[in-house]
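Chemist: Sequence first, predicted coordinates after that:
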Amino acid sequence: MNDRRLVLRVATGSGLALVLPRTSGAQVRARDARPQEGDRFVVAAGDSKGTVVRLPDLQTGSPPLSVLPRDPSGTIRDGSRLNQILMVRLDETRMSAATRTRSAQGVLAYSAVCTHTGCDGLSWAAETLRFRCPCHESEFDAADGARVVGGPAPRRLPALPLKIVDDYVVAAATFSARAGVIQP
Amino acid sequence: MTLLNKVVPALAALLLPLAVQAQQKTPEYTPVTEARLLKPEAHNWLMLRGNYNGQGYSPLDKINTTNVKRLVPVWSYSTGQLEGHQAPPLVNNGIMFITTPRNQVLALNAKTGALIWRYQREFAEDVSHPHPTSRGVALFNDKVYLATMDAFVVCLDARTGKMVWETKLGENKANYYFTLAPLIAKGKVMVGSSGGEYGIRGFIAAVDAETGKEAWRTYMIPGPGEPGHETWQGDQWKTGGVSVWVTGHYDPKLNLTYWGTGNAGPWPSDAHPGDNLYATSVVAIEPETGKIRSHHQYHWNDNWDWDEVSPPLLIDIKRAGRTIPALVHPARNGYLWMLERKQDGIGFVDAKAYVKQNVFTAIDPKTGRPSYDMDKRLLVGKTTTFCPSHWGGKDWPPAAFNPKTNLLYIPAHENLCSTLVGEAKIAAYAPGKRYVGTEAAKTRVFPQEGAKNIGEVQAWDLNSGKRVWTYPFPDMNINWGPLLTTAGGLVFGGGSADRKFRALDARSGKLLWEFVTNSGITAVPSSYMVDGVQYIAVQSGWGVDAQKMVARLNGSMKTNVSVPQGGVVWVFAVK
């Protein structure tokens, strides 16, 4: 059975089946679509999974939080692995000027998918403020727009500009570039 | 009629025969029958290792120790792809087939390098392929078979490259993907799944070569009620890894295929208590049914990432005057295993370390089961250091056996060790998410103190069980080079960051010839003959684990080695 549909047998005596969509086409598109301006974010894993991210959830010096975007209707955009986002709060004085313009009170968001071969699960080096890919050792400088500072990745991690609205972390635009791998 | 009107038809008349001639230069395709796979002609290279026995041996001897110095490139072809080119050029009566990363297939004229056709696969934007490589195609009848990084088996028309059918065998969103070349026997196209770092349940599956219909699927972790299930605890069998990274070999006499299997995951020992069958094993499988007839586990409860990815080579060896149909496996765990293949079992013959190994304390002489230095185990939240490194004494690059010299050649990593750090708390399994249980950024790979080399080629006499010679790579180069050996008394291989392709004397290990290619070579070389000329062919295109090892060693050795990427097919002949 198509798992996106819920079939209700209606006792009308006519034997007709009423087919109601559990997930509409629009919702499917919303789940698959990349983050949009106005999206909030939810924690992607762990004990707080599903919790909407607020500014106090991110402390300077703490490791990055894995999050997923959530559209204004409440649909979590978990339909594509390219929607995985790493959110981290840094001291704004350590950021490059361009990076600072995308941050909201020190909070930065980047695609969690390496631009080399599309691996996720990037680790964090707190001393150097770098993300590091577990697959092929690419390194990205979070304080400088996630530019490549080591390894084979051909380009930086796309950034997601942020703003703070009512204490919630909110997307201020779409990704700065296409997430994931761009093939020749 | 104008002058132009006169000239154009005249030119066309002149050019037409040339066009026809060019078309005629493409050799007529010869179907690869089962009989031909069972007994491949010396001038062809019809499957991954040239033969079902996996020996990587070419009976051609026109290129030999006396003339190899005059080996020069005769043509080359850019693949247009980056990353790890690992597939051998297969050759069927003058037509060459190559795969590259992104599952591109090229059919080339093996004599001239002219493109006959190209297959390029389209992938979803969010396709996951943590090991960006494709280790080859398989040929059968008039078809070409490919296992893809989005977990499909694809059948192409060998004459045109047009897709005939495709069959999905795994869910890429959960990180099932294929890196191997299919194995074809008894009309079945067999493949195995990668994805061990992502909590897959590894499997080997077969589809019907004609229809593409799935014929069977055998999981490398037994389910409830199946023998071996008791070697896992709780639900860990559902997400315990055990990938099948590399194509198996086939014994037609016993009608059994032999496969090497990957490690259990997440890596720390206490994250998967038990022996964990059929992880780090050789598994004998019937090609028609998928039934596991027998197995031998090289080491139990792996926690050093020593996937035993390579299948064993099928070689007859002599022990105490008896000829033993053996399974020979230079293992990632650093031991050279010799086993006996039988109708209903796999017997242990012997095992000895071929690189420095400090984990095993003993091998049971009857069963081959190793005992461990338990302090060397990786545990949750603990750090361990051990040798050989987690890439092992030899990773996936295949060894070769030469029946003329009676020597086994191993592309080895000597003197390397690893430090792994177990995560204090392993996050629960989530489909498609990394499920390794180590702090990747803290992994170290380093040479032992006083080491004079890392990469090397070793030659072993399997009858005496002794090493005959070693060719150490200069300048602390690593060796990720699959080997080819020939009746001309040669061993070919690349594997090093210095981009060289080398020919060694198969009897002495002396370096006879070398050539610096565009990139580094981690691909399987092959040899073939067209119109009486013998060729040696190999792809050069650095990437995947070789690139990663260089990065790790740059960190530990404070070096700055870098290898350019980009694939090129190289074809050499004696001039």
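Modeler: Yep, that arrived.
Chemist: Which residues of chain B lie near chain A?
Modeler: With C-beta under 8 Å from any C-beta of the partner chain as the criterion, chain B meets chain A at residues B:80-83, B:102, B:125-130, B:132, B:173, B:427-428, B:430, B:432-434, B:436, B:439-441, B:543-544, B:547-548, B:551-552, B:565. Glycine gets a C-beta too; all of them are placed from N, C-alpha and C.
Chemist: And stretch B:385-393, how far out from the chain middle?
Modeler: 19 Å (C-alpha atoms, centre = their mean, to the nearest Å).
Chemist: Now do the buried residues in that stretch.
Modeler: B:386-393 (16 or more other C-beta atoms under 10 Å in any protein chain shown).
Chemist: In contact with B:Leu146, which residues?
Modeler: By C-beta atoms under 8 Å, 6 or more residues apart in numbering or on different chains, the contact set of B:Leu146 is B:99, B:103, B:105, B:119, B:134, B:137, B:153-156, B:182.
Chemist: Checking it next. Helix, strand or coil?
Modeler: strand (DSSP: H, G, I helix; E, B strand; the rest coil).
Chemist: What residues are bridge-paired with it?
Modeler: On the basis of DSSP bridges, B:Leu146 is bridged to B:Val154.
Chemist: ditto for B:Arg467
Modeler: B:Trp460.
Chemist: What separation do you get for it and chain A?
Modeler: Separation of B:Arg467 from chain A (C-beta to the nearest C-beta, to the nearest Å): 33 Å.
Chemist: ok, now B:Tyr29?
Modeler: For B:Tyr29, the distance to chain A - C-beta to the nearest C-beta - is 30 Å.
Chemist: part of a strand, is that residue?
Modeler: No: counting by three-state DSSP, B:Tyr29 falls outside a strand, being coil.
Chemist: Tell me the confidence at it?
Modeler: pLDDT recorded at B:Tyr29 is 97.
Chemist: Now it. Nearest residue, chain neighbours left out?
Modeler: Setting aside the residues directly before and after it, B:Tyr29 is nearest to B:Arg159 in space (C-beta to C-beta, 6 or more residues apart in numbering or on different chains), at 5.0 Å.
Chemist: who are the neighbours in contact with the residue lying closest to B:Lys548 once chain neighbours are set aside?
Modeler: Leaving aside its sequence neighbours, B:Lys548 sits nearest to A:His136 (C-beta to C-beta, 6+ apart; 5.3 Å). The neighbours of A:His136, taking C-beta under 8 Å, 6+ apart as the test, are A:114, A:116-117, A:119, A:151-153, B:544, B:547-548, B:551.
Chemist: Repeat the analysis, applying 10 Å as the threshold.
Modeler: Shown in contact with A:His136 (C-beta atoms under 10 Å, 6 or more residues apart in numbering or on different chains): A:114, A:116-117, A:119, A:151-153, B:83, B:130-132, B:543-545, B:547-548, B:551.
Chemist: Kindly report the same for A:Ala159.
Modeler: A:98-99, A:102-103, A:108-111, A:142, A:145-146, A:173, A:175-177.
Chemist: what do you get if the cut-off is 6 Å, keeping everything else the same?
Modeler: The contact partners of A:Ala159, taken as C-beta atoms under 6 Å, 6 or more residues apart in numbering or on different chains, are A:102, A:110, A:176.
Chemist: go on, B:Ala353?
Modeler: B:334-335.
Chemist: where do the helices sit along the stretch 401-550 of chain B?
Modeler: B:544-557 (DSSP state H, counting those that start in this stretch).
Chemist: related to what we said a few turns ago, could you dump the contacts of B:Leu146 to TSV with secondary structure?
Modeler: Converted to TSV, the contacts of B:Leu146 look like this (three-state DSSP):
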residue	secondary structure
B:Thr99	strand
B:Asn103	helix
B:Val105	strand
B:Tyr119	strand
B:Ser134	strand
B:Val137	coil
B:Val153	strand
B:Val154	strand
B:Cys155	strand
B:Leu156	strand
B:Pro182	coil
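Chemist: Tabulate the residues you listed in a markdown table, adding columns for pLDDT.
Modeler: Below are the contacts of B:Leu146 laid out as a markdown table (pLDDT from 0 to 100):
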| residue | pLDDT |
| --- | --- |
| B:Thr99 | 98 |
| B:Asn103 | 97 |
| B:Val105 | 98 |
| B:Tyr119 | 98 |
| B:Ser134 | 97 |
| B:Val137 | 98 |
| B:Val153 | 98 |
| B:Val154 | 98 |
| B:Cys155 | 98 |
| B:Leu156 | 98 |
| B:Pro182 | 98 |
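Chemist: What number of residues are in the vicinity of A:Asp32?
Modeler: Here the count is done by other C-beta atoms under 10 Å in any protein chain shown, and A:Asp32 has 15 residues near it.
Chemist: Which pLDDT does the model give it?
Modeler: At A:Asp32, pLDDT is 92.
Chemist: Now a PyMOL select for only the buried ones of the contacts of B:Leu146.
Modeler: To isolate the buried members of the contacts of B:Leu146 in PyMOL, using 16+ other C-beta under 10 Å:
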select buried, chain B and resi 99+103+105+119+134+137+153+154+155+156+182
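Chemist: now the contacts of B:Leu146 as CSV including distance to B:Tyr29?
Modeler: Output for the contacts of B:Leu146, formatted as CSV (distance: C-beta to C-beta, whole Å):
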residue, distance to B:Tyr29
B:Thr99, 18
B:Asn103, 21
B:Val105, 15
B:Tyr119, 15
B:Ser134, 22
B:Val137, 14
B:Val153, 21
B:Val154, 18
B:Cys155, 15
B:Leu156, 12
B:Pro182, 19
